[in-house]
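Enquirer: sequence? don't have it. structure:
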């Protein structure tokens, strides 16, 4: 994949990083919800789109590359809220290995 350079002016989209949280439901089970960890500026690039036939139904799978300023604590178990869409984080790359940026490879099912 081509190296994408970024200037701070390209970080022009707001995204929210969310983490799953489990809360006791009072009956011995758990309820899972999502809590906001941070809302940050990002650059968002669509990468690919493909149709998937599953269970007799067709759905669209979209992938995105999201670049944010480097921050500790971003995990693949988290998700991104981008507008009204939720994107699962499927990979995290520190492209320069200098702690400047994080590239989040994300999948959106639509």
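Expert: That came through fine. Quick caveat: nothing in here was measured; it's all calculated off a predicted structure.
Enquirer: Give me the contacts around the helix or strand of the chain with the lowest mean pLDDT.
Expert: Least confident element among the helices and strands of the chain, by mean pLDDT, DSSP states H and E: strand 57-69 (a mean of 87). Residues from elsewhere that reach strand 57-69, judged by C-beta atoms under 8 Å, 6 or more residues apart in numbering: 4, 6, 10-11, 15, 40-52, 74, 80, 82, 87, 90, 100-110. No exception for glycine: its C-beta is placed from N, CA and C like everyone else's.
Enquirer: Centre of the chain to that strand, how far?
Expert: The chain centroid and the centroid of strand 57-69 are separated by 8 Å under C-alpha atoms, centre = their mean, to the nearest Å.
Enquirer: low pLDDT regions in the chain?
Expert: 1-6, 109-110 (pLDDT under 70).
Enquirer: Number of residues surrounding residue 101?
Expert: 19 (other C-beta atoms under 10 Å).
Enquirer: quick one: contacts for it?
Expert: Counting by C-beta under 8 Å, 6+ apart, residue 101 has contacts 6, 67, 68, 69, 70, 94, 95.
Enquirer: can you give me phi and psi for it?
Expert: Dihedral pair for residue 101: phi -130, psi 160, per degrees, to the nearest 10.
Enquirer: Could you report the separation of it from residue 42?
Expert: From residue 101 across to residue 42, the span is 10 Å (C-beta to C-beta, to the nearest Å).
Enquirer: So which residue of this structure lies furthest out from the middle?
Expert: residue 27 (32.3 Å; C-alpha atoms, centre = their mean).
Enquirer: Direction included, what does the helix or strand where residue 42 lies pair against?
Expert: Per DSSP states H and E: residue 42 is located in strand 30-54. Using DSSP bridges, the strands paired with strand 30-54 are strand 13-24 (antiparallel), strand 57-69 (antiparallel).
Enquirer: I'd like the distance from that strand to the chain centre, please.
Expert: 4 Å.
Enquirer: List the buried residues of that strand.
Expert: 40, 42, 43, 44 (16 or more other C-beta atoms under 10 Å).
Enquirer: for those residues, which one is nearest residue 23?
Expert: Top of the list for closeness to residue 23, among these and by C-beta to C-beta, is residue 40 at 25.3 Å.
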